[in-house]
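In: no sequence for this one, just the structure:
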């Protein structure tokens, strides 16, 4: 059923065709933010796709070199605002590694719970936005209804709904209460039911399956070439998850699977994320059951953060893939270099090659399935 | 009561314009309310009780806006397209029998007229998209043409199949044939033609595609082509396209009601015929909205494949089968 | 052929299930809160803009103008001035200006304060036609206005 895609080689072999450049974005409903795509089109076929980025560049790396370690705390959650907890996790952990701080177990457990809640919230936003790209409006509202429940829980603990700024060097800024634990438990139960509904409404839907199956195939080789990680890589059949490969925090104590599908198409990436929501629920359930009592802040945190000179690195599994911070300290109060490795950037990089020869509709489905956060690309 | 000629024309013009205008306004309201209910929201509530005055406010806003014709557009065609899009829908309403005596023109070739004018709609969208000289609009216009051409064929095949058994193109007579209870409606007359429900399903799908409604809304395709053929239209130019979309849905649902659901015939025998006609009409319109707020959009080539590879062969098969039955009977 | 028919039927079934799901939601109550007619209660830890806290016993502002908050603020949006009142060993705050247009509500100032003189307010519907209203918010004045209420 798939139409004959004219690839670059077939174009150059044939007589010159009349092509045109379609400018998608930076203000376009499907680019979710300020991404601009220059599509060279032959009719509805994309011959060449060039993402133009940088509209939301805020110099987070440079800001890191110009302020103290504590002052950079609000920044990580603003790089990728949809997985703020994970980015914060990476940042506090890299500084903790530099300082050699031991984090109390209760704090680590709560970090895992909040991080996984954040992952679910992020995937729910993607779910809604992706289906909006595909022309289905209603699932967006259902997903946001569920996400709202997560945001309410996190807001009660952190005081903020999106840019949490909740983790500190050595622990957390405040403890969770019984209400949060109860609320999270109820949410896990509620979300399991909703997942069933999403599968009935969306996953099994004939139109959606036809729109995603076999569309926008990304091979594991292409992922390796561009350094794509996260659900994009797992959707290409590689069970690569930082939580399993380079375990951090208390993740080794939980049982969870790394969902991966070998097809490499949009449907595989869709299924990876939906399955990840279920796995996150599993982790949260275990973490709540095991949550130890105790302090949430390490005792020996220096008042002035001055890591010893050296090169430190820490990676976490954010909602969109591997987020890593490389910190170079020269022993002063201000980092010498703070390199951010953001997943959306690498995931977007392969779009140009993967979209070649697709129909415009399918290219936009592919773009949606990459789950990009543009400020994360630009940072 | 039969009105004499010039008055009848005036009554039709006033009635049809009012009907189309009110329908467009309040179907938008209904669509927003229905969408809201599907999505667990209240919908418009602020302007008037239950947001009932919202369409009026929206209409006034659209009227108050400038009709921008950007310098590169084809000025004449760009202005002509909105007028072109609404007129055929108005014409179609002339032959639709809303009640036993409520029909502007009792016309022998009524059905033919509906389809003839129904096809003009696509030309208007093509004109609008072409005259806009916007790449998105041109893509959408090209899509709409091939989509409507593809879906006109199975629709006409279905109607022809129905006509084989009915033997008339007069919409009033078509309804009169379906008198005498629910089991006489064409939809359930399986002893006349066992394929009736299938025919209705094909007709319904074609109706969705012909009126450019989700999941076949290639003309607008909001998340891909911004607003498709209507991207460059502002103010009432866009408003007319919008009205035409709803007017076309009403026409499509009316034809479906006449052909398959027994027109003005009541299933229980109470209330006047026009009431029942409108109930059936709006039930169909509701189902159109229900489909829209449930499904994602299809791909363009699958949309065409559905027509050329499934609906047209199915329609042809049904036609042959029906002809065979009639011959053997 | 059999597979194609089976897939076709499954597809139709999936479409019907989808319609059933949305219809079920159709008859449920809306989940949205009808702002501004209904307002949700903010959680206790809600992080609004900062305000100065009074000492419960003396009724004076707790702030000792130590400038810790000024120094830690990542956006440089706090300006504190203080003076020693005659006959007192500690400083008192004379001026506390917050540039709310720059503030990112991270809460580091509240955390660093040695005397717990700062707290988060619960004001969120802040809007003005003049930038100056939030460019330089006088928190001392705001504390007085709060007392008057």
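Out: All right, it came through fine. For clarity, every value in this text was computed on a predicted model and none was experimentally measured.
In: Could I get the full set of strands for the chain?
Out: By default, I'm working from chain A. A:20-24, A:36-42, A:45-52, A:167-168, A:171-172, A:310-318, A:321-329, A:337-341 (DSSP state E).
In: sorry, should have said chain C
Out: All strands of chain C, identified by DSSP E, fall at C:50-52, C:78-84, C:91-98, C:118-120, C:137-138.
In: for these, which one sits closest to chain A?
Out: Distance to chain A, taken as CB to the nearest CB, is lowest for strand C:118-120 among those, at 6.7 Å. Bear in mind the C-beta positions are built from the backbone N, C-alpha and C, glycine included.
In: Can you get me a residue count around the residue in the stretch 1-150 of chain B that chain A sits nearest to?
Out: In the stretch 1-150 of chain B, the residue that lies nearest chain A is residue B:39 (3.8 Å; CB to the nearest CB). Applying other CB atoms under 10 Å in any protein chain shown, we find 23 residues neighbouring residue B:39.
In: pretty sure it is touching residue A:137, no?
Out: Yes. With contacts counted by CB atoms under 8 Å, residue B:39 reaches residue A:137, the gap being 7.4 Å.
In: Find residues that contact each of these two.
Out: Contact criterion CB atoms under 8 Å, 6 or more residues apart in numbering or on different chains; residues shared by residue B:39 and residue A:137: residue B:293.
In: From the centroid of chain C, which residue is nearest?
Out: residue C:48 (2.2 Å; CA atoms, centre = their mean).
In: Okay, that one and residue C:56: tell me how far apart.
Out: Distance of residue C:48 to residue C:56, computed by CB to CB, to the nearest Å: 21 Å.
In: same deal with residue B:31?
Out: The gap separating residue B:31 from residue C:56 is 57 Å, by CB to CB.
In: who's more crowded, these two?
Out: Between residue B:31 and residue C:56, counting by other CB under 10 Å, residue B:31 is the more crowded of the two (19 against 7).
In: Secondary structure element holding that one?
Out: With secondary structure defined by DSSP states H and E, residue B:31 is part of helix B:5-38.
In: And that helix, what does it pack against?
Out: Packing partners of helix B:5-38 (3 or more CB pairs under 8 Å, 6 or more residues apart in numbering or on different chains; DSSP states H and E): helix B:54-64, helix B:75-93, helix B:235-260, helix B:273-292, helix C:2-26.
In: Report the distance from that helix to the chain centre.
Out: Helix B:5-38 sits 13 Å away from the centroid of its parent chain (CA atoms, centre = their mean, to the nearest Å).
In: now that helix and helix B:75-93, what's the angle there?
Out: Helix B:5-38 and helix B:75-93 are oriented at 100 degrees to each other (axes from the mean of the first three to the mean of the last three CA atoms, to 10 degrees).
In: for the record, mean pLDDT for helix B:5-38?
Out: Taken as a whole, helix B:5-38 has a mean pLDDT of 83.
In: now do stretch B:134-147
Out: Computed over stretch B:134-147, the average pLDDT equals 86.
In: what's the pLDDT at the residue nearest the centre of chain A?
Out: The centroid of chain A falls nearest to residue A:320 when counting by CA atoms, centre = their mean (2.2 Å). If you check residue A:320, the pLDDT there is 89.
In: Settle this for me: it is touching residue A:371, isn't it.
Out: Yes. Assessed by CB under 8 Å, residue A:320 is found in contact with residue A:371 at 5.7 Å.
In: what sits in contact with each of these two?
Out: The overlap between the contact sets of residue A:320 and residue A:371 (CB under 8 Å, 6+ apart) consists of A:231, A:344, A:347.
In: need the contact list for the closest residue in space to the first one that isn't next to it in sequence.
Out: What that stands for is residue A:231. Of all residues not flanking residue A:231 in the chain, residue A:272 sits nearest, at 4.5 Å (CB to CB, 6 or more residues apart in numbering or on different chains). Residue A:272 makes contact with A:231, A:234-235, A:259-261, according to CB under 8 Å, 6+ apart.
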